[in-house]
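[1] Below is the sequence, then the predicted model.
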Amino acid sequence: MTMMAAIYSLPKYLQAQKNLGGTGAAGNFPSKEMVCDVNLGPDFNFHNIFICPVSKETCNPTNGNYPMLLKCGHVISKQSLNKMTRGNTKFIFKCPTCP
């Protein structure tokens, strides 16, 4: 499903980059955020609420509890990540979602 959304949105993304003065290669933007909203239709509408699978709490960016992407591809809340690593960013831990 994610791959299909990427296939549909890539031409619109490249057009936005061209309109903003980019060279056309995906990657010339100063940030890694999408610079435009892309309407992909009702098949690709998802809710924007993330519930951490570890703490079972809603991630709320207003209080700094962002969803964090792990190397394995799973996502947990920043508070859960900090608790698991005890605040040490160099601490190696096993993903709680991976088998």
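    Done, it's in.
[2] pretty sure Cys98 belongs to a strand, no?
    No. Cys98 is assigned coil when assessed by DSSP: H, G, I helix; E, B strand; the rest coil, not a strand.
[3] show me what contacts it?
    The neighbours of Cys98, taking CB atoms under 8 Å, 6 or more residues apart in numbering as the test, are 72, 74. All C-beta spots, glycine's among them, are computed from the backbone N, C-alpha and C.
[4] Next one: it relative to Leu20, how far apart?
    Spatial separation of Cys98 from Leu20 under the definition CB to CB, to the nearest Å is 39 Å.
[5] For the residue nearest the centre of the chain, list each beta-bridge partner.
    Within the chain, the residue whose C-alpha comes closest to the C-alpha centroid is Leu69; the distance, by CA atoms, centre = their mean, is 6.9 Å. Taking DSSP bridges, one obtains Val75 as the residues bridged to Leu69.
[6] can you tell me how far it sits from Asp43?
    Here the distance between Leu69 and Asp43 works out to 24 Å (CB to CB).
[7] likewise Tyr13?
    Computed as CB to CB, the Tyr13 to Asp43 distance reads 18 Å.
[8] Now name the helix or strand holding Gln79.
    Secondary structure assigned from DSSP states H and E places Gln79 in helix 78-85.
[9] what's the pLDDT at Val54?
    Among the per-residue scores, Val54 shows a pLDDT of 90.
[10] Need the nearest residue in space to it, chain neighbours excluded.
    Closest residue in space to Val54, ignoring its immediate chain neighbours: Ser80 at 4.1 Å, by CB to CB, 6 or more residues apart in numbering.
[11] so what's that neighbour up against?
    Contacts here follow CB under 8 Å, 6+ apart; on that basis Ser80 touches 52, 54-55.
[12] Check His74 too.
    Taking CB under 8 Å, 6+ apart as the contact definition, His74 lies against 53, 95, 97-98.
[13] Cheers, nothing more for now.
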